[in-house]
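*Asks:* Curious how this folds, go ahead:
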Amino acid sequence: MAQKARSQNTNPSAEKVAAAKSRDTRSSRQRLSPAASAWVESTLGKMTVDEKIGQLLFTTYYGGFTATDSPAYQQLLHNVQDLHVGGFIVITHGSPLGILKSQAYPTAVLANQLQTKSKLPLLIGADFERGTAMRYDEGTSFPTAMAVAAGGNPKDAYTMGKITASEARATGVNWVYAPDSDVNNNPANPIINTRSFGENPQRVGEFASAFIKGVEDGGALATAKHFPGHGDTAADSHIDLPVIPASRERLEHLELVPFRAAIAAGADTIMTGHLSVPALEPDPNTPATLSQKILEGLLRNELGFHGLIVTDAMDMGGITVRYAPGEAAVRAVVAGADCLLMPPVPDAAFEALEGAVRSGRISKQRLDESVRRILQAKARLGLNKSRLVDVNALNHKFGSAAWQ
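*Replies:* Now for the predicted structure:
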């Protein structure tokens, strides 16, 4: 049974919150040019409510050969043309032969086709914590984060991030869902363990920051995850809702340290964790992903994060065992999330969000805030100017022997 969390410092002073709100944590790379800012505002002003709602949804695609008359391809077209999704996540595929990875060339071809079909440029992401080889057989493979940190040189994390981003962009993937910024302080943790840079919060922050800078220099978005910290759990959020039994004081000195460092390093995006954190959110059935206290109150107002807040996969047990797909989507947006990753029933999420905007549960101003941040991320990547990749140059940019 989780010990009762103490409640020290749960209500920061108004002065601290105001200071965090006014503090601009964006790097120079994250500040848009006047032309890019104009594109964002012009595009936002022309969008319908349905198009804005769709931008919040990020669905899956398997980067393997996909015939254009197949049900899988038709579903992708539906997501792009009818749901107006903001982007995709490249995934593996289950088969009688086991788990099949995506392939670099089909992923790039499909990315180009989807970008062409979409009215707006797409953000396309993938879990590349250990390099692109996590999803592509042909990709460059790196050791786990814990092994990289054991080497003692943050430059290795930087190089890892830069190579990963360079290969990702070559295949049409522009968003790297890494680094894992959790402090692995629980040896019984079944899901984070070696994905973390270690048990020392300062070291985790240092290596995560180096990885983030490498990804950004490689031309992609980086993601610090899983906020506010998934390290001290003995349960897997893919299955159920883990509880972080720490006091607010402990969170400040441990779990939150790497995320503060990531924000200072200019992290473009932060991924939420499906975690119950009583010191931050007293309702035991409200995970961080659906908690306004945690996303708006802590991450935005206290830590001063201005980038994209993306949920962990919404089809995980930490969400689905308690909430229906539509209600979960609405609660996440109300809480402060911008991007809903892998909603289990995309159409249900879309319809629920549509109803919430119509009823006023989600204001049009709140919707515009998220869509503006999404468009800003797309402009930062240059997708407003060019959204396609050169598939003929793929073998020149991907899987270089020098990186092996």
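
*Asks:* Quick check: which element contains the nearest residue to L303 once chain neighbours are set aside?
*Replies:* Distance criterion C-beta to C-beta, 6 or more residues apart in numbering; nearest residue to L303, sequence neighbours excluded, is I263 at 5.9 Å. Bear in mind the C-beta positions are built from the backbone N, C-alpha and C, glycine included. Secondary-structure assignment from DSSP states H and E places I263 in helix 256-264.

*Asks:* Export only the CA atoms of that helix, formatted as CSV.
*Replies:* Output in CSV follows, covering the C-alpha atoms of helix 256-264 (Å, rounded to 0.1, in the frame of the first residue of the first chain):
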residue,chain,number,x,y,z
LEU,A,256,11.3,17.1,-11.3
VAL,A,257,15.0,17.8,-11.5
PRO,A,258,15.5,16.3,-15.0
PHE,A,259,12.4,18.0,-16.3
ARG,A,260,13.6,21.4,-15.1
ALA,A,261,16.9,20.7,-16.9
ALA,A,262,15.1,19.6,-20.0
ILE,A,263,13.1,22.7,-20.1
ALA,A,264,16.2,24.8,-19.6
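
*Asks:* so how far is it off the chain centroid?
*Replies:* For helix 256-264, the separation from the chain centroid amounts to 15 Å (computed by C-alpha atoms, centre = their mean, to the nearest Å).

*Asks:* what's the answer for stretch 369-378, then?
*Replies:* Using C-alpha atoms, centre = their mean, the offset of stretch 369-378 from its chain centre is 14 Å.

*Asks:* in that stretch, what's buried?
*Replies:* Of the residues in stretch 369-378, those scored as buried under the neighbour-count criterion (16 or more other C-beta atoms under 10 Å) are S370, V371, R372, R373, I374, L375, Q376, A377, K378.

*Asks:* What of stretch 226-244?
*Replies:* For stretch 226-244, by 16+ other C-beta under 10 Å, it's 226-233, 235-237, 240-244.

*Asks:* same thing with stretch 196-210?
*Replies:* Buried positions in stretch 196-210, judged by neighbour count with 16+ other C-beta under 10 Å: 196-201, 203-210.

*Asks:* quick one: which of these is nearest to S363?
*Replies:* Out of the buried residues of stretch 196-210, the one with the shortest distance to S363 is A208. That distance is 33.9 Å, counting by C-beta to C-beta.

*Asks:* can you give me the helices in the stretch 201-350 of the chain?
*Replies:* In chain order, the stretch 201-350 of the chain shows helices spanning 201-217, 248-253, 256-264, 292, 317-320, 325-335, 346-359, with DSSP state H, counting those that start in this stretch as the criterion.

*Asks:* follow-up on the earlier one: output the buried residues of stretch 196-210 as TSV; include the columns distance to V173 and pLDDT.
*Replies:* Formatted as TSV, the entries for those read as follows, by distance: C-beta to C-beta, whole Å; pLDDT from 0 to 100:
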residue	distance to V173	pLDDT
S196	23	97
F197	23	98
G198	27	97
E199	31	96
N200	31	98
P201	30	98
R203	28	98
V204	25	98
G205	26	99
E206	26	99
F207	22	99
A208	20	99
S209	22	99
A210	21	99
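
*Asks:* Which single one of those is nearest to W175?
*Replies:* Distances from these to W175 were compared by C-beta to C-beta; the smallest belongs to A208, at 16.5 Å.

*Asks:* Quick check: the gap between that closest one and N174.
*Replies:* 20 Å (C-beta to C-beta, to the nearest Å).

*Asks:* cool, and P346?
*Replies:* In this structure, P346 lies at 21 Å from N174, with C-beta to C-beta as the measure.

*Asks:* Likewise for D368?
*Replies:* Between D368 and N174 the computed distance is 23 Å (C-beta to C-beta).

*Asks:* Any stretches of this protein with poor pLDDT?
*Replies:* Across the chain, the ranges flagged by pLDDT under 70 are 1-29, 404.

*Asks:* Return the distance of stretch 189-203 from the chain's centre.
*Replies:* Its chain's C-alpha centre lies 18 Å from the corresponding centre of stretch 189-203 when counted by C-alpha atoms, centre = their mean.
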